[in-house]
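Engineer: just a sequence and a predicted model for now, questions to come.
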Amino acid sequence: MLLPGQDDAAIEQAAETLAAGELVAFPTETVYGLGARADDDAAVGRIFALKGRPADHPLIVHVLDRADALVFAGALNAAAERLIAAFWPGPLTLIVPRAPGVASAAAAGQASIGLRCPAHPVARALLGAARRRGVRGVAAPSANRFGRISPTRAQHVVDEFGAALPVLDGGDCEVGIESSIVDCSGRAPALLRPGQIERGRIEAALGAPLARPGADAPRASGTLEAHYAPRARLRLMPTEMLNTALQMLGDSALKLAVYSRTVPLPPGSRLARRAMPDAPERAAHELFAVLRELDALGLDLIWVEEPPAGAAWDGVRDRLVRAAAAA
Ligand code: TXA
Ligand code: MG
């Protein structure tokens, strides 16, 4: 059920639903989330059941501000404080030690917790209305079935879960890929998942280089090798290889689509092609919507041109590598 995100009454209704322990999907600046009150293990259990997510994969808790983060965080070290000051509200999730006894289902029993303070006005309105009902944090993974493509439009969420789920419609998500995740629970902060906020900006805010995630780094399902999978098999190819493969293809009967930045279709080809934008933030913005659209064509294969080198493309490259690994 789509609810208009700009509408105060719809926000109040959605907050009421959350407060009652039921699920609500809502937009953030990154992707749509599937939310439940974080302090209610039974409500959080409904997220795991609906997504088909294994119970040992922790969820991110969304908070309105630093004060509410402290409800869930046992402690904020200097690194966490710096990142909060630099990037909240915004597309950055921090993994910090968890306050004892709170949000244990959301944290999947781990001693740490993922905290994110979203910037999207509809998410903030919802968190504000929920807080007035005593809800200090909303646990929300991306609103897709486990292992599938994250939703960047309200309709994507309806396509995943059907019309019974309340979905606040906030239009297209601006960023388009999930938040950067920085683990601040250990000695040296490490980047667990690249997002829009580039590694270099995070290091500048920390005043120190990020460490490599250690073998003891907390588990992140967004860091599973195979994730973000379309139904068609996705192959990621260097520019020259894609060019050659297309030249050699002839008029094969393969149900194939191409998503490329610099490689055109051969003359006369009737394959579907979408052009990848030259700017990495534009490419991120549309990535999941394009993969969903191409996937809806009932293809065998999606051939994707590798993004260019450089940190600005880390987020997009990461999602494509994982989608290809699932093929
Ligand atoms: O942009 C985003 O982060 C979106 C929007 C809805 O906020 N959310 C999102 O959630 O991408 P999800 O569940 O699809 O991915 C969250 C990632 C997972 O890889 C999870 O394992 C990791 O965060 N995570 C959450 N809590 C954690 C913890 N305590 N320790 C380690 N990883 C954690
Ligand atoms: Mg996800």
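Structural biologist: Yes, it's here. Bear in mind that the values here come from a model prediction, so they are computed numbers and not experimental data. Ligands and ions are numbered 1, 2, ... in the order given.
Engineer: distance from stretch 107-115 to the middle of the chain?
Structural biologist: 17 Å (Cα atoms, centre = their mean, to the nearest Å).
Engineer: what comes up buried for whichever strand or helix holds residue 283?
Structural biologist: In this structure, residue 283 sits in helix 280-295 according to DSSP states H and E. Using 16 or more other Cβ atoms under 10 Å as the test for burial, helix 280-295 gives 280, 283-292, 294-295. To be clear about C-beta, it is placed using only N, CA and C from the backbone, and glycine gets the same treatment.
Engineer: continuing past it, what's the next helix or strand?
Structural biologist: Downstream of helix 280-295 (by DSSP H and E), the next one is strand 301-305.
Engineer: could you give the angle of the next helix or strand after that following strand to strand 301-305?
Structural biologist: Beyond strand 301-305 on the C-terminal side, the first helix or strand identified by DSSP H and E is helix 314-325. Between helix 314-325 and strand 301-305, the angle comes out at 150 degrees (axes from the mean of the first three to the mean of the last three Cα atoms, to 10 degrees).
Engineer: let's number from 230 now, not from 1
Structural biologist: Got it, first residue is 230 now, which makes that one helix 543-554.
Engineer: what are the buried residues along helix 543-554?
Structural biologist: Across helix 543-554, burial judged by 16+ other Cβ under 10 Å covers 543, 544, 545, 546, 547, 548, 549, 550, 551, 552, 553.
Engineer: low-confidence ranges in the stretch 430-556 of the chain?
Structural biologist: Along the stretch 430-556 of the chain, the model assigns pLDDT under 70 to residues 444-457, 556.
Engineer: cool, and the stretch 280-429 of the chain?
Structural biologist: In the stretch 280-429 of the chain, no residues with pLDDT under 70.
Engineer: within range of ligand 1, give me the residues from it.
Structural biologist: Residues of the stretch 280-429 of the chain lying near ligand 1 by Cβ under 6 Å from any ligand atom: 286-289, 322, 324, 336, 339, 341-343, 345, 369-371, 407-408, 410.
Engineer: the one helix or strand residue 358 maps to: what's the following helix or strand?
Structural biologist: Element membership for residue 358, per DSSP H and E: helix 350-360. Next helix or strand after helix 350-360 toward the C-terminus (DSSP H and E): strand 367-368.
Engineer: ok now that next one, how far from the chain's centre?
Structural biologist: Distance, centroid of strand 367-368 to centroid of chain: 14 Å (Cα atoms, centre = their mean).
Engineer: will you turn the buried residues of helix 543-554 into TSV that also has distance to ligand 1?
Structural biologist: Output for those, formatted as TSV (distance: Cβ to the nearest ligand atom, whole Å):
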residue	distance to ligand 1
543	15
544	11
545	14
546	17
547	12
548	11
549	16
550	15
551	11
552	14
553	18
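Engineer: reformat those as CSV; add distance to residue 499.
Structural biologist: CSV is the format used below for the buried residues of helix 543-554 (distance: Cβ to Cβ, whole Å):
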residue, distance to residue 499
543, 34
544, 32
545, 27
546, 29
547, 32
548, 28
549, 25
550, 29
551, 30
552, 25
553, 24
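Engineer: hmm, back to that, what lies in contact with the helix holding residue 358?
Structural biologist: The set of residues external to helix 350-360 that reach it, using Cβ atoms under 8 Å, 6 or more residues apart in numbering, is 234-235, 237, 240-241, 243-244, 247-248, 253, 255-258, 262, 264, 266, 291-293, 297, 318, 347, 367, 397, 399.
Engineer: ChimeraX command for the buried members of those?
Structural biologist: Applying 16+ other Cβ under 10 Å to the contacts of helix 350-360, the buried members can be selected in ChimeraX as follows:
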select :234,240,241,243,244,247,248,253,255,256,257,258,262,264,266,291,292,293,297,318,347,367,397,399
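Engineer: what about the contacts of helix 350-360, which are in helices?
Structural biologist: Of the contacts of helix 350-360, the ones assigned to helices by DSSP state H are 237, 240, 241, 243, 244, 247, 248, 297.
Engineer: quick check, nearest of those to residue 276?
Structural biologist: Within the ones in helices among the contacts of helix 350-360, the smallest distance to residue 276 is 11.6 Å, found for residue 247 (Cβ to Cβ).
Engineer: the helix or strand encompassing residue 310: which residues count as buried?
Structural biologist: Taking DSSP H and E as the criterion, residue 310 maps to helix 307-316. Neighbour-count burial for helix 307-316 flags 308, 309, 311, 312, 313, 316 (criterion: 16+ other Cβ under 10 Å).
Engineer: using PDB, list the CA coordinates for that helix.
Structural biologist: Provided in PDB are the C-alpha atoms of helix 307-316 (Å, rounded to 0.1, in the frame of the first residue of the first chain):
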ATOM      1  CA  ALA A 307      36.800   9.600  19.000                       C
ATOM      2  CA  ALA A 308      36.700   8.100  15.500                       C
ATOM      3  CA  ALA A 309      32.900   7.600  15.700                       C
ATOM      4  CA  GLU A 310      32.500  11.200  17.000                       C
ATOM      5  CA  ARG A 311      34.500  12.600  14.200                       C
ATOM      6  CA  LEU A 312      32.500  10.700  11.500                       C
ATOM      7  CA  ILE A 313      29.200  11.700  13.100                       C
ATOM      8  CA  ALA A 314      30.300  15.400  13.100                       C
ATOM      9  CA  ALA A 315      31.400  15.200   9.500                       C
ATOM     10  CA  PHE A 316      28.700  13.100   7.800                       C
END
